[in-house]
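> With the sequence up front, the predicted model follows.
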Amino acid sequence: MARLHEYQGKAILAANRFKIPRGRAVSNANEAAAIAKELGGEVVIKIQAWTTGRAGIGGVVFAKKADEVHAHAERMLSMKVGQFPVEAVLVEEKIDIDREFFLSFAIDDAARAPVIIFAGGGGTGIEQRAASTRCITCEVNTGPLGSAVIEAVDACGLSPAHAQQLAESIQKLFAAARSVEARSLEINPLVLTRSGEFIAADCRITIDDYAVARHPKLGIEIAREFDHPPTPLERVAYAVEQNDHRGTFYFAQLATTAPKSSKGLVGFHGAGGGGSMMSMDAIVNAGFTIANFTDTSGNPSASKVYRAARIILAQPDLVGYFGSGSGVASQEQYWSAYGLAKALWELDLDIPAVIRLGGNTEDRAVEILLRMSKLLRTPVEGYRKSDTPAFIASRFADLVAAAKGIKWTLRLPRVPKFARNPSATVLPVKNGRVWIDTPQWRDIRAAVETHSGGLVIDRDGAPTAALPAEEFATKDSELLACDVECRLARIEGFYLELDIPGLDELIGGAH
């Protein structure tokens, strides 16, 4: 589920006739101080981060003077939640609270219906006060039944006017959630001020991933639930997934540094949810810190696995590359092996890699990795489904120890000299192109025709696509396999270039 920050959620509430505190979100301390002066009086400054317990980490404070606001905002904008920086703070007027209430919209999977959770008290600890909450079932199109809302509100002991406003707030909560296809929308607290107004003092909203495309105005960059704003690498990875729907590619950055007690940062590449979780546990239990979570499953193309590996290796200071999935995957594992082999060769891998590709054609997959290992400066070991995650994690630890502290440094991929040469033959493929060294065609023709499965053939003494352009362009995985097989056979003259928009710029900028 895609999350929204508090200030974004409050804008949605305001559009649905909720009253919200005066104020706005900013990204620097000077603006924060300026807003405080505009508002006058005491204000609250809150970090905009997807975490609970913000007050407990110094992320919610009150201040009366502009210079105090400046100091607090400056401190907050230098904070990290987990390993990721706070990018914005919300500065709002302090609300004169008389009473607090809890309102939450959610989708109840068991009931297969939306529900509203209501309690006559808000703030922290609401989870421990479950006995005082009410669950109001909603009709998908019309919302909560009026009788159920009235019954819930009557138990609060409010005046008739305030009871009516609270009942309207419950109805408006449903309307707000439905307007953006929210998976959940929580107002905690909804406050009744001493002047008699109901104001949404805080809120959290998550949007259904599949609905994000229908709501571009929300400005959601990535339709996934992260605990931090999308990082540059996550943006690059998400674009890869959107451009190639063959299989699944999920990438999330988890850490950029390892604690002193750790054996180091590891690039993690899984395949399949449950198996990936077991494999992550295994590598953590072996004493390592996981730099990222990556999943390529659902029969991904070889080119998607290649791009995933390139993105994993776009993070510096890794001590190794650890790949392990479910072990019972129905996908053809040799495609993943080809994608990995191409990435590892292009980046001239010099840190240990242990990769478990259990499932269909696992023997062929392991063989591809072992053959490629002979062309690299570091061991790449391939394993099958009979090899447990704990065993390969132990083996990985041995290889890292033998490497004696070497860490990954960022680099651009190796590109054969004939690529970009005007004399080369260029054949377009899906999000990339094939380069063939035309002057060498006579010498490499037999190998290319064999390894490409007949996709590239000779025509009048020059290489050409054997299929119409539109069909040939979808054969990037087969052509990637040809690229790797030619490389393994020490044959220069065939190169598949696959675009990863933005990645090389990130790597170049990090040097």
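Received it, and whenever you're ready, just let me know what you need. Predicted, not measured: the structure shown is a model, and the values here were computed from it.
> Please tell me how far the residue nearest to the spatial centre of the chain sits from I35.
For the chain, the residue nearest the mean C-alpha position is A252 (3.8 Å; CA atoms, centre = their mean). Counting by CB to CB, to the nearest Å, the separation of A252 from I35 is 33 Å. To be clear about C-beta, it is placed using only N, CA and C from the backbone, and glycine gets the same treatment.
> Next, the buried residues of the lengthiest helix in the chain.
Looking across the chain with DSSP state H, the single longest helix is helix 160-179. Across helix 160-179, burial judged by 16 or more other CB atoms under 10 Å covers 162, 165-167, 169-174, 176-178.
> ranges for the helices of the stretch 401-511 of the chain?
Under the criterion DSSP state H, counting those that start in this stretch, the stretch 401-511 of the chain contains helices at 441-451, 469-472, 476-488, 503-510.
> which one in this structure is furthest away from the centre?
The chain, CA atoms, centre = their mean, max distance from centroid: D460 (48.5 Å).
> got any ranges where this structure has weak pLDDT?
When residues are selected by pLDDT under 70, those of the chain lie in 122-132, 327-329, 510-511.
> Which parts of it belong to which domain?
With domains defined by automatic domain parsing, the chain comprises 23-93, 97-218, 232-402, 425-507.
> Single out the most deeply packed of those domains.
domain 232-402 (a mean of 21; mean count of other CB atoms under 10 Å).
> returning to what we had before: doesn't the residue nearest to the centre of the chain fall inside a strand?
Yes: when DSSP: H, G, I helix; E, B strand; the rest coil is applied, A252 is found to be in a strand.
> Start at 38, not 1
Okay, residue one is now 38; in that scheme the one you just asked about reads as A289.
> does it have beta-bridge partners, and which?
F330 (DSSP bridges).
> these two touch, right, it and A328?
No: with contact defined as CB atoms under 8 Å, A289 does not count as touching A328 (10.3 Å).
> Span of stretch 348-368 from start to end?
22 Å (CA to CA, to the nearest Å).
> same check, this time on stretch 154-171
Termini of stretch 154-171 sit 6 Å apart (CA to CA).
> One more: stretch 260-271?
Across stretch 260-271, first to last residue, CA to CA, it's 11 Å.
> Show me which positions of that stretch end up buried.
Buried residues in stretch 260-271 (16+ other CB under 10 Å): 260-261, 263, 265-268, 270-271.
> same deal with stretch 441-457?
443, 445, 447-448, 450, 453, 455-456.
> Show residues contacting that stretch.
301, 304, 347, 350-356, 382-385, 387-388, 461, 472, 474, 477, 529-530, 532, 534, 541, 544-545, 547-548 (CB atoms under 8 Å, 6 or more residues apart in numbering).
> Turn the buried residues of stretch 441-457 into JSON lines, columns for distance to E399.
Putting these into JSON lines (distance: CB to CB, whole Å) gives the following:
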{"residue": "I443", "distance to E399": "29"}
{"residue": "W445", "distance to E399": "27"}
{"residue": "L447", "distance to E399": "31"}
{"residue": "R448", "distance to E399": "30"}
{"residue": "P450", "distance to E399": "27"}
{"residue": "P453", "distance to E399": "30"}
{"residue": "F455", "distance to E399": "34"}
{"residue": "A456", "distance to E399": "32"}
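> so which of those comes closest to L525?
Distance ranking of the buried residues of stretch 441-457 against L525, using CB to CB, places P453 first at 14.5 Å.
> for the closest one, phi and psi?
phi -60, psi 150 (degrees, to the nearest 10).
> and it, how far is that from N280?
24 Å.
> I'd say G46 and L222 touch.
Yes: G46 lies in contact with L222 (CB under 8 Å); the separation is 7.3 Å.
> Report the set of residues contacting both of the two.
240-242.
> tell me the contacts of the residue lying closest to L350 once chain neighbours are set aside?
Distances taken as CB to CB, 6 or more residues apart in numbering put L384 closest to L350, at 5.5 Å, once the chain neighbours are dropped. When contacts are counted by CB under 8 Å, 6+ apart, L384 touches 347, 350, 448, 450-451.
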